[in-house]
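S.K.: Here you go, sequence then predicted model.
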Amino acid sequence: MAALHHHHVLLSLRPSPPRLRLPTRPPGQRHRLLPRAAATTTTAAASALQDFRRWLSSYGAGEGKAVPAAVPEGLGLVAARDLPRGEVVAEVPKKLWMDADAVAASDIGRAVGGGELRPWVAVALLLLREAARGADSPWAPYLAILPRQTDSTIFWSEDELLEIQGTQLLSTTMSVKDYVQSEFESVEAEIISTNKDLFPGTITSEDFLWAFGILRSRVFPELRGDKLALIPFADLVNHSPDITSEGSCWEIKGKGLFGREVMFSLRTPVDVKSGEQIFIQYDLDKSNAELALDYGFIESNPSRDSYTVTLEISESDPFYGDKLDIAELNGLGETAYFDIVLDEPLPPQMLPYLRLLCIGGTDAFLLEALFRNAVWGHLELPVSPDNEESICQVIREACKSALAGYHTTIEEDEELLKGENLQPRLKIAIGVRAGEKKVLQQIDDVFKQREEELDGLEYYQERRLKDLGLVGDNGDIIFWES
């Protein structure tokens, strides 16, 4: 990680450019193409969609209020009639879900049994196994409409990834791909290669990445972790930035005699006219970088533009132990991450943590055990001119270094965004890198202004003298005469 050492502060604003390494197949290895609607002709895609509708109907999924249909985003849910806010638009019985229970009940249950695999890995293997079965799979109509890839950055080519060079998104993307590759190598050796009866064809790292991408983009956020589940039909619902309230647009409930049949129930969060697409809000808290990584889209919304500042107490700091103790007493640790959002104030704990990192010299007395319970309150306000100047210099130098890592300026990106017919992935790249740079510029501006105000700030010693009644409100020292 590119870092700046200053007064024993370790500050990371920008990862060093990662190697752009894409998974490759050994020579001669044949890639088994998984089903995807987008790879077929328009007629075949329409036929696959009809098969999917019949499949849903045969299991009693939905009540005819919403239908799967081709939409600008690819596939989505369209209202079959006028729907009021809160109306149930889809009900999917558990027997259609692809989750841990489906894995256990399938013929690969014995191979992945014991619960040792991460839930997403187990469901990913179920996806790959069922895709390999083709028409014999009970999920065949569902698998046939899944896209081969999305615009998520995990599927971008090397040239496309170069467009986000210097961004935190690139570093995250490459880390995710390395993680998925590592998981694949493990399950390929321990499960896939030792169960050729279940995986008779060739399963590649690209296939495994596809399964990961499908889960990442289609699983409802609250159904991740141990609860991870793909919900056919409901997972076709698309996101709209116009839906500004997450609310709970879905629930898992019992139905039928004594409520024994478990159903996933999806509701519309707004009124929808017949023939219009039904939308939900995926996640109000995700940044544009996270939306690009998970789903393959971004929003033109400043609150989605963010940058993560990483601060760390250096082990070489002579006061390392004291500083770590103080940080931990206040809910932080050796490393702290602060998400800075465009047009929003700095996180409240960022300045105290920065001041803690930069404390030294004549200010070090605040680290003594005597002040341990009160020191954070002192750090919430300027400590000394030297300390405050240090935090400004450290942040501004790091911002300058981070901004130098991009190959375009904010102005150049904004001009590019005015162009017509931009490819979706290029638009995502420009939007994310421009957003990151705007946040970095905002951070630099905050600390530049603070530098200019150093002489007018009130510091610890002055506050202490006031508390003792030794300094007046105008800053003059008070003398007593006998």
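M.R.: Thanks, I have it.
S.K.: Distance check, Gln165 against Cys399.
M.R.: Taking CB to CB, to the nearest Å as the measure, Gln165 falls 18 Å from Cys399. Bear in mind the C-beta positions are built from the backbone N, C-alpha and C, glycine included.
S.K.: So which of the two has more stuff around it?
M.R.: Cys399 (26 against 16; other CB atoms under 10 Å).
S.K.: Show me which helix runs longest in the chain.
M.R.: As assigned by DSSP state H, the longest helix anywhere in the chain is helix 424-452.
S.K.: I'd like the average pLDDT over that one.
M.R.: Average pLDDT, helix 424-452: 98.
S.K.: which residues does the residue nearest to Tyr320 when sequence neighbours are not counted bridge with?
M.R.: With CB to CB, 6 or more residues apart in numbering as the criterion, Tyr320 has its nearest non-adjacent residue at 6.0 Å, and that residue is Ile313. Ile313 has these beta-bridge partners by DSSP bridges: Val9.
S.K.: tell me the contacts of Ile313?
M.R.: Ile313 is in contact with 10, 320, 323-324, 327, 334-335, 356-357, counting by CB atoms under 8 Å, 6 or more residues apart in numbering.
S.K.: Now restrict those residues to buried residues only.
M.R.: By neighbour count, with 16 or more other CB atoms under 10 Å, these hold 10, 323-324, 327, 356-357 as buried.
S.K.: Mind picking the lowest-pLDDT entry from the residues you listed?
M.R.: Within the set of the buried ones among the contacts of Ile313, pLDDT is lowest for Leu10 (58).
S.K.: How many neighbouring residues does Gly333 have?
M.R.: By other CB under 10 Å, 12 other residues sit near Gly333.
S.K.: The residue lying closest to it once chain neighbours are set aside and Tyr353, how far apart?
M.R.: Counting by CB to CB, 6+ apart, Ala327 is the residue found nearest to Gly333 once chain neighbours are left out, at 5.9 Å. According to CB to CB, Ala327 and Tyr353 sit 7 Å apart.
S.K.: what touches both of those two?
M.R.: What both Ala327 and Tyr353 touch, as defined by CB under 8 Å, 6+ apart, is the set Ala336.
S.K.: ok, so of the buried ones among the contacts of Ile313, who is nearest Ala66?
M.R.: Nearest to Ala66, judged by CB to CB, of the buried ones among the contacts of Ile313 is Ala327 at 50.2 Å.
S.K.: Just say helix, strand or coil for that closest one.
M.R.: helix (DSSP: H, G, I helix; E, B strand; the rest coil).
S.K.: That one touches Leu356, doesn't it?
M.R.: Yes: in this structure, Ala327 is within contact of Leu356 by CB atoms under 8 Å, at 6.5 Å.
S.K.: ok so, going back, and the contacts of Ile313 as CSV, adding distance to Glu380 and secondary structure?
M.R.: Output for the contacts of Ile313, formatted as CSV (distance: CB to CB, whole Å; DSSP: H, G, I helix; E, B strand; the rest coil):
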residue, distance to Glu380, secondary structure
Leu10, 22, strand
Tyr320, 22, helix
Lys323, 16, helix
Leu324, 19, helix
Ala327, 14, helix
Glu334, 20, coil
Thr335, 20, strand
Leu356, 11, helix
Leu357, 15, helix
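S.K.: which helices and strands sit right next to the helix or strand hosting Gly254?
M.R.: Gly254 is part of strand 250-255 when elements are defined by DSSP states H and E. Judged by 3 or more CB pairs under 8 Å, 6 or more residues apart in numbering; DSSP states H and E, the packing partners of strand 250-255 are strand 261-267.
S.K.: Extract the CA atoms of the strand it packs on and return them as PDB.
M.R.: Backbone C-alpha positions of strand 261-267 (Å, rounded to 0.1, in the frame of the first residue of the first chain) are rendered in PDB as follows:
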ATOM      1  CA  GLU A 261     -45.000 -23.900   3.200                       C
ATOM      2  CA  VAL A 262     -42.200 -21.300   3.400                       C
ATOM      3  CA  MET A 263     -42.500 -18.500   0.800                       C
ATOM      4  CA  PHE A 264     -40.500 -15.500  -0.200                       C
ATOM      5  CA  SER A 265     -42.900 -12.600  -0.600                       C
ATOM      6  CA  LEU A 266     -41.900  -9.500  -2.600                       C
ATOM      7  CA  ARG A 267     -43.900  -6.200  -2.400                       C
END
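S.K.: so who does the spatially closest residue to Asp51 that is not a sequence neighbour touch?
M.R.: For Asp51, ignoring the flanking residues on the chain, the nearest one in space by CB to CB, 6+ apart is Pro141 at 4.6 Å. Counting by CB under 8 Å, 6+ apart, Pro141 touches 48, 51-52, 54-55.
S.K.: And for Ile280?
M.R.: 237-240, 243, 249, 266, 268-269.
S.K.: and what of Glu334?
M.R.: For Glu334, the contacting residues are 312-313, 324, 327, by CB under 8 Å, 6+ apart.
S.K.: Export the residues you listed to TSV and append columns for distance to Glu415.
M.R.: Output for those, formatted as TSV (distance: CB to CB, whole Å):
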residue	distance to Glu415
Glu312	37
Ile313	42
Leu324	46
Ala327	43
